[in-house]
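Engineer: 3D, please:
(chains A and B)
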Amino acid sequence: MAIILQLLFTGLGIGAVYALVALGFVLIYRATNVVNFAQGQFAMLGGYCMVITTVDLGLPYWLGILITLVVMAGFGAIFNLGVYYPLRHRSFLPVVISTIGASILITNLVLGLYGPEPTTLPGVIDFPGVSLGAVFLDSQYLVIIAVTLILVLLQYFFFEHTLVGKKMQAVSQDKEVASLLGINVTGMIMLTFAYSAVLGGIAGVLVAPILFVSVGLGAQIALKAFAASIIGGFGDVPGAIAGGLIIGVAETLGAFYISVPYKDAFAFILLFAFLLIRPQGIFGEKVSQKA
Amino acid sequence: MSSARTPFAWAMVLVIGLALVLVLPINGYLMNLLMQASTYAIAVLGMTVVLGYTGQINIAQAAFFGIGAYGVALGTTSLGLPFFVALALGAVVAAFFGLVLGGSTLKLGGHYLAMVTISFQEILTLVLTNWISVSHGPDGVANIPRPRLGALALDTSPHYLAVCLVFLFVAAGAVAGLKSSRLGLAMQSVRDNELAAGVIGIDTYRVKIIAFATSAFLGGLGGGLFAGAFRYISPDQFAFDDSVVLLTMVLLGGVDAAIGAVIGTALLILLPEWLRFLKQFYLAVYGLAVILIMVFMPQGIWGFLSGLFRRALPIPAGPLAPLVLGEAVESAEVLLAVEGLAKHFGGLRAVDELDFEVVRGRVHALIGPNGSGKTTTLNLLSGIYKPTAGRIRLAGRDITGLAPHVLARAGIGRTFQNIRLFHSLSAFENVLIGAGRPGESGQDGESRRQRALSALDFVGMVARAHVPVASLPYGHQRLIEIARALAANPTLLLLDEPAAGLNLTEKQNLVALLRRLRGHGLTLLLIEHDMDLVEQVSDRITVLNFGRRIADGTPLEVLRHPEVVAAYLGEVAEDEAA
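Structural biologist: Modelled structure (predicted):
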């Protein structure tokens, strides 16, 4: 029993990271109808940004986080200008291919600059964790779960109770009508990309102390996050969170009870199962084709 | 492809190429590059079929390549199969996986396919690395033999390269020929407009699966030859990065032509040699290239070059036969019967308990204010939506809930409110795809081409047959869309606002066209807002409001009906009645 609880805790922690990346990915999808295949690279960049500022330059942790957030927001804006904006009037396929190109570019640029060796990042707090009976609650996992929870609540408040949030929702529902109402659609999409990059960056910062920071980090997290958003129901915000947590728990249990080398395969097996049995996901995809 | 000389010319290219390879002294390094390029190019041709022709993404081509390579490697070393048997086995297994992946995903949107192919790629890498007892794990498989053909040993590098080149030429020829074939046109119609492809009788799901399996087969074939070329393979040669390289190759060369695949592959195999100074950044340059190609040159190098002298399908010459549209039946039997039809979207009842009948040989109009459920009804009749409740019968046969392509074959044709043509094809190609009820037997290519031309002639567009539809004016595009529907020889033609956006002259021409169609005995069901036009052409009118029928009768009866007047003038019916 204690083992199951322990695995559940670990699974929820890692699942929260997938959920954060999936969330950024869903937000971009809703705003632009584009599936951003470079979302995982945002997390990888966040991790590297932390390593550079706190380990290489020796800055304090809080300052590193602050710099990372600013860098990520700027990066999201540049990403929007370079990868999405020139193709905004084109069909789905060219934009998706363009984001795939961007993910290759980012990965290999970092690889070329920083090399293939993984580096480590210390956790936010030195305190190792607390024991709750037989279950050990690692402090970094506690931080991940807490930060994710806070971010989800903040995001809910932002979209439902602020004007900018409402404008962003309007843009995601109907760009033409939104622009007729005087909403700066281009600006709102820019903001969405920046925010998504920040979310990805935070996921990277959070997960870096658990996994190693390496160029493979992005693809590793992104694929799980994509799977998470499909399992949850494509384009659905609660779905992305639920999907992320489910995959985190499933792969942790799978690695313990079934096979360690195939740990990364469980998310995909779950994904295939969903596609065959319930392709619309837990909460259901809302988009449908119209004549 | 158009003239008989072209295949001959290509055969000469092959013979000269083989002679050069066998005679010239090629050093080992260049030999390796050539073998890599020719085997990769076969896999890239698969990308041409799936991405270029059919518009479906595949980010797992390296996985299929790997399956083919392991087929040859394990088939020859572990199972002791002859080379060519192992090669065929690997390609077939790759195609089988393509079939399974495509079959489970191709009914869903494009982003699912992208993710599923990436996932498949990752799982395959995991399996090849960890299933050591079968795959030999990360160490890979060494000492892969090269083939013998009877007494002829093909194991020297020039001989083996010649084998690869023969396969490449056959594959490239097949892929090039596919483009102008019936299946190839169906693929392109799916790429350009999947919804329209369905309603003119293309089984879009089946076409996509065929394309995906073909692509996987070519991937496996290329991979199998690759294994023989280098005689050693390991899992890291077939990873995600390699799928990206294959994707970049097809995009760079041009997705829409076999020759583009060859150009792209040759360039990207040689390019790293010229880009050596970039060292560890060369993959980053690939990524940048992908973005730049998408932004500035989406058709790739060959697409750009050939765009300067684009050739559409040749148009058969000779006298035109008049278009035959079924037989004129002079009975007043009911052709289409709709009973209790309903379509609910969540709480919205777009169509509710709708009953009406369309009599054979008549023009029946469906009118009503915006949002009254007219287009939804047409979408139900043409199979794009599945009804929530109710029955639809065509000539007595229950056709409720059938797929669009099945309904097209049953005799229902349609046009769309916002024109849906296959925008990268010519007018003739557009009409040809729908010609002669796909799936009906006893039609050769020539009779379908003639039928397509006759249909174009019927709407007065035969002189524009060779023109790419995207460059035709709006009014002409409407006519092409009608010709496309007519070419399929429908029993019932559904027209969704055919007059929308037309000027006065064009509207008068449309009225004449609709009358001619009625004169030929074709049954029409049209949605239209232009009441003048409706009065001029229709025999009967059904009026919808809020998804329900509020009136039904001759134009004279219906247009005076108080509820209809109220619906159109926005007054409350009860007040009017009182």
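Engineer: so where's the longest helix in the chain?
Structural biologist: Let's take chain A. helix A:2-32 (DSSP state H).
Engineer: Not quite, go with chain B.
Structural biologist: Longest among the helix segments of chain B by residue count, using DSSP H, is helix B:204-230.
Engineer: packing partners for it?
Structural biologist: Other elements packing on helix B:204-230 under the criterion 3 or more C-beta pairs under 8 Å, 6 or more residues apart in numbering or on different chains; DSSP states H and E are helix B:28-47, helix B:61-77, helix B:83-105, helix B:157-180, helix B:182-192, helix B:194-199. C-beta: built from backbone N, CA, C; applies to glycine.
Engineer: so who does residue 204 touch?
Structural biologist: Since no chain was named, I'll use chain A. Neighbour list for A:G204: A:42-50, A:217, A:221 [criterion: C-beta atoms under 8 Å, 6 or more residues apart in numbering or on different chains].
Engineer: my question was about chain B
Structural biologist: B:190, B:194, B:197-198, B:405.
Engineer: cool, and B:P404?
Structural biologist: Remark: with contacts taken as C-beta under 8 Å, 6+ apart, B:P404 is in contact with B:195, B:198-199, B:382-384.
Engineer: Please repeat the previous calculation with a cut-off of 6 Å.
Structural biologist: Residues counted as contacts of B:P404 (C-beta atoms under 6 Å, 6 or more residues apart in numbering or on different chains) are B:198-199, B:382-384.
Engineer: again with B:M115
Structural biologist: Taking C-beta under 6 Å, 6+ apart as the criterion, B:M115 is in contact with A:F226.
Engineer: Can you tell me whether I have it right that it is in a helix?
Structural biologist: Yes. Going by DSSP: H, G, I helix; E, B strand; the rest coil, the assignment for B:M115 places it inside a helix.
Engineer: Given the helix or strand of chain A with the lowest mean pLDDT, what are its sheet partners and their directions?
Structural biologist: Least confident element among the helices and strands of chain A, by mean pLDDT, DSSP states H and E: strand A:129-132 (a mean of 76). Within its sheet, strand A:129-132 is paired with strand A:135-138 (antiparallel), according to DSSP bridges.
Engineer: if we can go back for a sec, make TSV from the contacts of B:T204 and add pLDDT and distance to chain A to it.
Structural biologist: Below are those laid out as TSV (pLDDT from 0 to 100; distance: C-beta to the nearest C-beta, whole Å):
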residue	pLDDT	distance to chain A
B:V190	94	13
B:E194	91	8
B:A197	94	12
B:G198	92	10
B:H405	92	15
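Engineer: got the angle for the longest helix of chain B vs helix B:61-77?
Structural biologist: Between the axis of helix B:204-230 and that of helix B:61-77 there is an angle of 50 degrees, by axes from the mean of the first three to the mean of the last three C-alpha atoms, to 10 degrees.
Engineer: buried residues in helix B:204-230?
Structural biologist: Residues B:204-205, B:207-229 are the ones in helix B:204-230 that count as buried (16 or more other C-beta atoms under 10 Å in any protein chain shown).
Engineer: Pull the residues that contact stretch A:18-29.
Structural biologist: Stretch A:18-29 is touched from outside by A:35-36, A:39, A:43, A:148, A:192, A:196, A:199-200, A:203, A:221, A:224-225, A:228-229, A:235, A:237, A:240-241, A:244, A:247-248, with contacts defined as C-beta under 6 Å, 6+ apart.
Engineer: Show only the entries of these found in helices.
Structural biologist: Counting by DSSP H, these place A:39, A:43, A:148, A:192, A:196, A:199-200, A:203, A:221, A:224-225, A:228-229, A:237, A:240-241, A:244, A:247-248 in helices.
Engineer: Burial check on the nearest residue to A:I67 once chain neighbours are set aside, number of neighbours?
Structural biologist: The spatial neighbour of A:I67 that comes closest, neighbours along the chain excluded (C-beta to C-beta, 6 or more residues apart in numbering or on different chains), is A:T53 at 5.1 Å. Around A:T53 sit 20 other residues, with neighbours defined as other C-beta atoms under 10 Å in any protein chain shown.
Engineer: Appreciated, that's everything.
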